[in-house]
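Asker: One predicted model, sequence on top.
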Amino acid sequence: MDIKECIFRFDRYLQYDAITSGSAVTATYDDYKDLFREKKFVVTLPTAYQELIEEENEALLKIIAERVENLCGFKPDSDTVAKFLKSLIKDDQKIEPPQSVPVQGQLAMPPFPSRIGFFLHGKYYNCRNAIGVMIQIFEVLSVRDALFVERFAAFPKRGNHPYLAKNPAELNP
């Protein structure tokens, strides 16, 4: 995640107006659902591809045959295309979905707003309050990237107060 993305997320989740109106919680849920959906796509796409080839899907075979005809002027029959596609998937390379991917009812997300925390790189961090969330996020990101704090602090302030400072008086003058 780059610095601009971090700033966008902090603004989206931690602005006073967003927190008091409840839109921060909604945004968190929406972003988590989007992330979960994208992970499901990544796991499911190879399986869908394999099934289309094994089932000799007529629409897929037709599209490929027409593309071959456009490229070389000769259209192969569906059996030739199906045989070629099946040759791309060897028996020892068959795609098996990973067992560790949660299914719809097994989301590892804590119920909001009774728990406060955040997910980062697949791990959930529990915090006591919103300030704890910000502190822990900075700590985790600074452990992963030693220059993160310096780069983040170099960005212009948002609103009246900076997110980072060397001493507490600078955070809340």
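Answerer: Ah, there it is. Numbering: from 1, shown residues only.
Asker: can you pull the pLDDT of residue 113?
Answerer: The score at residue 113 is 46. That number is its pLDDT.
Asker: and what of residue 72?
Answerer: 91.
Asker: ok, it to residue 65 distance?
Answerer: Using Cβ to Cβ, to the nearest Å, residue 72 is found at 11 Å from residue 65. (Each C-beta comes from the backbone N, C-alpha and C, glycine too.)
Asker: What segments of this structure are strands?
Answerer: Using DSSP state E, the strands found in the chain span residues 116-120, 123-127.
Asker: What distance do you get for the residue most central in space within the chain to residue 28?
Answerer: Most central in the chain under Cα atoms, centre = their mean is residue 35, positioned 3.9 Å from the mean C-alpha point. Counting by Cβ to Cβ, the separation of residue 35 from residue 28 is 11 Å.
Asker: One more: residue 154?
Answerer: From residue 154 over to residue 28 the distance is 27 Å, taken as Cβ to Cβ.
Asker: Same check on residue 82?
Answerer: Distance of residue 82 to residue 28, computed by Cβ to Cβ: 46 Å.
Asker: which stretches of the chain form helices?
Answerer: 3-14, 16-21, 23-54, 58-72, 78-88, 130-144, 148-153, 168-171 (DSSP state H).
Asker: residues making contact with the second one?
Answerer: Yep, that's helix 16-21 we're talking about. The contact list for helix 16-21 (Cβ atoms under 8 Å, 6 or more residues apart in numbering) reads 12, 13, 23, 24, 27, 130.
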